[in-house]
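J.: Following is a predicted model, sequence given first.
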Amino acid sequence: MTTPVRFAYAHPEASRAEGSLLAYLPITLRHDTHVLTVTGLLDTGSTVNVLPYPLGLQLGFVWEQQPTRVHLTGSLARLPARGVIVSGQVAAFPPVELAFAWTQSTEVPMILGQVNFFMEFDVCFFRSQAAFEVNPKGKAS
Amino acid sequence: MSLTELFPAIKMLPRADKLRLMQFLVIDLAHEEGVPLLAADAEYPIWTPLHAFEAADTLLQMLKTHQADT
């Protein structure tokens, strides 16, 4: 068993209103020699993880070298996406492999969704306290 | 013209016009108070890939292949 790590909800850049608080999780992504510490939006309604185009480039991915096509839905459906796998580390927990749909969108936030972020981490939301807790799967007390 | 004088005229309006009047007042008040409203002719993105089950299957298969290779 491990102790869950608690994070505060945060405002997106565009707004400071109380109603705009969202669950942004700091996470470190690694691919080959590239390391990137970013924040991802915890989105339980998203079927998959989504990696915005600029972040994929910063992680060293080359679009033309990614053979796996991924078909997204919603506003992202009109843009092509490719499947990529990176190592993701939350707080001091052991890193896990995360599969992302790398979209050509430059506007979308990094989304952490059901496949496979929520398959790797147990998350408890306390929206009334503007906080959430994260634990690796199977480690909750 | 006072509100008291307006009421009988408003009451005579057909239902559709009453709804239009309500909509007008809501938008007008929002503009006055600087509250941004969704515009009818604008497109707003929904980034969440809801029900992207094909994508989910593809990524899970990728993970399995990757883990088998390493």
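T.: Structure received.

J.: Low-confidence stretches in chain A?
T.: A:14-15, A:140-141 (pLDDT under 70).

J.: could you pull out the helices for it?
T.: A:53-58, A:117-120 (DSSP state H).

J.: Could the C-alpha coordinates of the first one be exported in CSV?
T.: Pointing back at helix A:53-58 there. What follows is helix A:53-58, C-alpha atoms only, in CSV (Å, rounded to 0.1, in the frame of the first residue of the first chain):
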residue,chain,number,x,y,z
TYR,A,53,1.2,17.8,-31.6
PRO,A,54,3.9,20.2,-30.1
LEU,A,55,4.4,17.9,-27.0
GLY,A,56,5.0,14.9,-29.3
LEU,A,57,7.6,16.8,-31.2
GLN,A,58,9.3,17.9,-27.9
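
J.: ok, and what's touching that helix?
T.: A:29, A:34, A:36, A:38, A:63, A:84, A:100, A:102-106, A:110 (C-beta atoms under 8 Å, 6 or more residues apart in numbering or on different chains). All C-beta spots, glycine's among them, are computed from the backbone N, C-alpha and C.

J.: how far is that helix from where the chain is centred?
T.: Relative to its chain's centre, helix A:53-58 lies at 13 Å (C-alpha atoms, centre = their mean, to the nearest Å).

J.: in that helix, what counts as buried?
T.: Applying a neighbour-count criterion of 16 or more other C-beta atoms under 10 Å in any protein chain shown, one finds A:Tyr53, A:Leu55, A:Gly56 buried in helix A:53-58.
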